[in-house]
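*Asks:* please find the sequence and the predicted model below.
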Amino acid sequence: MLNNDGKPKKIIIVGGGTAGWMAANLLASKWKTTEICLVESKEIGIIGVGEGSTPHLKLFFDAINVADSQWMPRCNATYKNGITFDKWSTIAGFESYFHPFAAQTDDIFTVPLFLKNIQARMQGYRVDAHPDNYFLESYLSKNNLGPLPDESFPFGIAYGYHFDSALLGEFLAENAQSRGVKRVYGTVADVLVTKDGKLSSVKLNDGTLLAADFFIDSSGFNSLLMQKTLQVGYQSFKDNLVNDAAVMMPSEISPVLPVATKATALSNGWAWQIPLRNRFGNGYVYSNNYIDSNQAETELRQHLGLLESDIEAKHLKMKVGRVEKHWYKNCLAVGLSQGFIEPLEATAIALSFNTIGKFIQYFEEGKGTNKFEDAFNKEINSRFDDIRDYIVCHYKANQRTDSDYWRDNAANKNISENLSKILYLWKNSQDFSGDMHKHKLVGGYQPKSWACLLAGYGVFPRKDSDQTFDYANHQHEINGLSDFIRRCGLNFKKHSELLRL
Ligand SMILES: Cc1cc2nc3c(=O)[nH]c(=O)nc-3n(C[C@H](O)[C@H](O)[C@H](O)COP(=O)(O)OP(=O)(O)OC[C@H]3O[C@@H](n4cnc5c(N)ncnc54)[C@H](O)[C@@H]3O)c2cc1C
């Protein structure tokens, strides 16, 4: 049933992890006449990982009108300019690269020069085509500068965060309740369905029956409503992305807080390092087909210098893929219940935010009907698939040969048609960015991001051109670029100063 304004009278959200509380906050701030109730199970608890974000988390907080100063200190949060990918390549000069979030300075000056020099490098000229030298946010990270410029700096800059996921959940729960969301503790034991296959109510294990007009499934990997009850199909990504497990442990924070996540390639996967105000969050994402959990834990401890430490490690299994429909009948799946792509690009929160935001838009446009259900599902599916392709590209382009894991990943033929086309263009196009647009290959990631990844690993032909090249002019342009970036950098404060919020 709908209210007079076309919004559902009552919504039940099952699950009180980050996804459930994000949905509660957004719905409460947009649909003020809807009664919202969130049910969460203390027995089951939350997954409790996921401590890095993309700039979408900033958009989410903007949408619910919460400033950095209100939530960041409560969640031990720090700023994030991007991700450093370390040891994914063994090519000299490309052992590490930084992937920045977008800034307006990219498009007006730095990226055109980057793309121009990539083309020259493709032709065998020994020009500078390492991404670290072309992006303002790389400079900020290297110099421990936070992403908030002085007001006089006229260019926009996107940024993400690192945060304690349990504290973020608590903050969001409190905020949603202050906006009228009802919180119920209980474990859903049964889900009741009407004759026409819609959800009607959930029954808790103490017998309480909670009915609603619309349901949000945020029950995590359980996917209680969407997959278990409504039997919506699931598309696994395990042929494309082989990692299926992770081991995690905290470590002591460094005196200088980095402004970036670090993703270091290890023998059979990669390790994250996420700086919070009070600790580093660390984890090793790997494939059980190549190493077992004990080996992974030992390798992570070695990597962290914690071999002798009694800090406890937490082990997790990961299911990688997505549902075929995220909105079906009177149910929307948000968070791990709708799917998960391994955390290399920290995209899960972004996907949850996109899912809820787009759903609100389509539901309103369809005046409370399912008119736009198909369009919505197509759009969310392609967001998932775009991210999958981008992450697969990291593995495909890796330049390590020290284990079967890395060799198999580089040789993996299970890649999408879009990714094959992008890799073809990288090698063959004279205008990578223009051709990506021309062939409609630009989805969630812009050409500059693909170029950053492939150039970052040094995926260039191993040849030297015997044609003459104006190296003096090239050097002049590179000098101008670094001077421009350095002077932009004068408008930014140290990360530690920004965190005195
Ligand atoms: C190794 C790893 C690293 C990750 N890193 C990142 C990252 O850096 N950035 C990022 O954005 N994301 C990351 N993620 C994903 C991130 O953890 C999740 O997207 C996020 O925590 C949201 O989870 P969720 O709310 O969907 O599920 P959960 O946190 O699992 O919450 C599920 C909720 O449903 C409840 N529930 C389940 N069954 C029932 C039931 N029967 N009755 C009542 N309640 C029930 C649970 O009690 C819980 O409250 C990572 C994930 C993994 C596995």
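*Replies:* It's in.
*Asks:* which stretch of helix or strand covers the residue lying closest to residue 431 once chain neighbours are set aside?
*Replies:* With C-beta to C-beta, 6 or more residues apart in numbering as the measure, residue 119 is the residue that lies nearest to residue 431, at 7.5 Å, once sequence neighbours are left out. To be clear about C-beta, it is placed using only N, CA and C from the backbone, and glycine gets the same treatment. For residue 119, the host element (DSSP states H and E) is helix 111-122.
*Asks:* from the contact counts, what lies against that helix?
*Replies:* Helices and strands in packing contact with helix 111-122 are listed as helix 432-438, helix 447-456, helix 471-489; criterion 3 or more C-beta pairs under 8 Å, 6 or more residues apart in numbering; DSSP states H and E.
*Asks:* before we move on, the earlier item: how close does the residue nearest to residue 431 get to residue 451?
*Replies:* 10 Å (C-beta to C-beta, to the nearest Å).
*Asks:* who has more neighbours, these two?
*Replies:* residue 451 (21 against 16; other C-beta atoms under 10 Å).
*Asks:* name all residues that make contact with residue 382.
*Replies:* Residue 382 makes contact with residue 443 under the criterion C-beta atoms under 8 Å, 6 or more residues apart in numbering.
*Asks:* could you verify that it is part of a strand?
*Replies:* No - for residue 382, which was evaluated using DSSP: H, G, I helix; E, B strand; the rest coil, the result is helix, with no strand membership.
*Asks:* ok, back up a step: now what about the next helix or strand after the helix holding residue 119, what contacts it?
*Replies:* From helix 111-122 onward toward the C-terminus, using DSSP H and E, the following helix or strand is helix 136-142. Applying C-beta under 8 Å, 6+ apart, the set of residues contacting helix 136-142 from outside is 81-82, 84, 98, 100-101, 103, 105-106, 110, 131-132, 145-147, 157, 159, 258-260, 485-486, 488-489, 492.
*Asks:* please list the residues of the stretch 201-350 of the chain that sit near the ligand.
*Replies:* Listed as neighbours of the ligand in the stretch 201-350 of the chain under the rule C-beta under 6 Å from any ligand atom: 218-220, 222, 224, 246, 283, 316, 318, 335-337, 343, 346, 348-349.
*Asks:* how close does the residue of the stretch 1-150 of the chain found nearest the ligand sit to residue 48?
*Replies:* Across the stretch 1-150 of the chain, the shortest distance to the ligand (C-beta to the nearest ligand atom) belongs to residue 17, at 2.3 Å. Taking C-beta to C-beta as the criterion, residue 17 is separated from residue 48 by 8 Å.
*Asks:* now, which of the residues of the stretch 201-350 of the chain next to the ligand sits nearest residue 368?
*Replies:* Minimum distance to residue 368 across these is 21.3 Å, recorded for residue 218 (C-beta to C-beta).
*Asks:* list the residues that contact that closest one.
*Replies:* Taking C-beta under 8 Å, 6+ apart as the definition of contact, the neighbours of residue 218 are 13-17, 19-20, 23, 333-335, 337.
*Asks:* before we move on, back to that, just the buried ones from the contacts of helix 136-142?
*Replies:* Neighbour-count burial (16 or more other C-beta atoms under 10 Å) is assigned, among those, to 81-82, 84, 98, 100-101, 103, 105-106, 110, 131-132, 145-147, 157, 159, 258-260, 485, 488, 492.
*Asks:* and those residues, which of them are in strands?
*Replies:* Residues from those lying in strands, with DSSP state E as the criterion: 82, 84, 98, 100, 145-147, 260, 492.
*Asks:* want to try JSON lines for the residues you listed, with pLDDT as columns?
*Replies:* Compiled in JSON lines, those are given as follows (pLDDT from 0 to 100):
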{"residue": "82", "pLDDT": "98"}
{"residue": "84", "pLDDT": "98"}
{"residue": "98", "pLDDT": "98"}
{"residue": "100", "pLDDT": "97"}
{"residue": "145", "pLDDT": "98"}
{"residue": "146", "pLDDT": "98"}
{"residue": "147", "pLDDT": "98"}
{"residue": "260", "pLDDT": "98"}
{"residue": "492", "pLDDT": "98"}
